[in-house]
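**Student:** sequence first, then the predicted structure:
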Amino acid sequence: MVVTKLILTIIQLLTCLFMIVVVLLQSGKRSGLSGAIAGGADTFLSKSKSVTLDAKLAKMTKWVGLAFVLLTLVLNLI
């Protein structure tokens, strides 16, 4: 039981560090005041691409966050 808890704690720590890295690699969703002044700089085609790196990082953030929450709940129950 102690070994299982230790292994799950190490996996949770690695998941946490990976989630931090994934979140920091994402670009900001807003361009600030310059985006409001520039107007329609983003076209429909640039917003709808789901194969961009930011889209992949956003999807990865959701899955890693879910894994982190589940590991936290499992470790709390042990």
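**Tutor:** Looks like it came in fine. Residues are numbered from 1 along each chain as shown.

**Student:** mind listing what Phe18 touches?
**Tutor:** Listed by C-beta atoms under 8 Å, 6 or more residues apart in numbering, the contact set of Phe18 reads Val64. All C-beta spots, glycine's among them, are computed from the backbone N, C-alpha and C.

**Student:** now the helix or strand that contains it: mean pLDDT?
**Tutor:** Assigned by DSSP states H and E, Phe18 belongs to helix 2-25. When pLDDT is averaged over helix 2-25, the result is 95.

**Student:** now stretch 52-62
**Tutor:** For stretch 52-62, the mean per-residue pLDDT is 91.

**Student:** just how off-centre is it within its chain?
**Tutor:** On the basis of C-alpha atoms, centre = their mean, to the nearest Å, stretch 52-62 sits 7 Å off its chain's mean C-alpha point.

**Student:** which of the residues in that stretch are buried?
**Tutor:** When burial is assessed from 16 or more other C-beta atoms under 10 Å, stretch 52-62 yields the following buried residues: 57, 60-61.

**Student:** with stretch 68-78 instead?
**Tutor:** Neighbour-count burial for stretch 68-78 [16+ other C-beta under 10 Å]: 68, 71.

**Student:** then it to PDB, C-alphas only?
**Tutor:** Taking C-alpha atoms only, stretch 68-78 is exported to PDB below (Å, rounded to 0.1, in the frame of the first residue of the first chain):
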ATOM      1  CA  PHE A  68      -4.300  15.400 -12.200                       C
ATOM      2  CA  VAL A  69      -7.700  15.700 -10.600                       C
ATOM      3  CA  LEU A  70      -8.300  11.900 -10.700                       C
ATOM      4  CA  LEU A  71      -4.900  11.200  -9.200                       C
ATOM      5  CA  THR A  72      -5.600  13.700  -6.500                       C
ATOM      6  CA  LEU A  73      -8.900  12.000  -5.700                       C
ATOM      7  CA  VAL A  74      -7.400   8.500  -5.700                       C
ATOM      8  CA  LEU A  75      -4.500   9.600  -3.400                       C
ATOM      9  CA  ASN A  76      -7.000  11.200  -1.100                       C
ATOM     10  CA  LEU A  77      -9.000   8.000  -0.800                       C
ATOM     11  CA  ILE A  78      -5.900   5.800  -0.100                       C
END
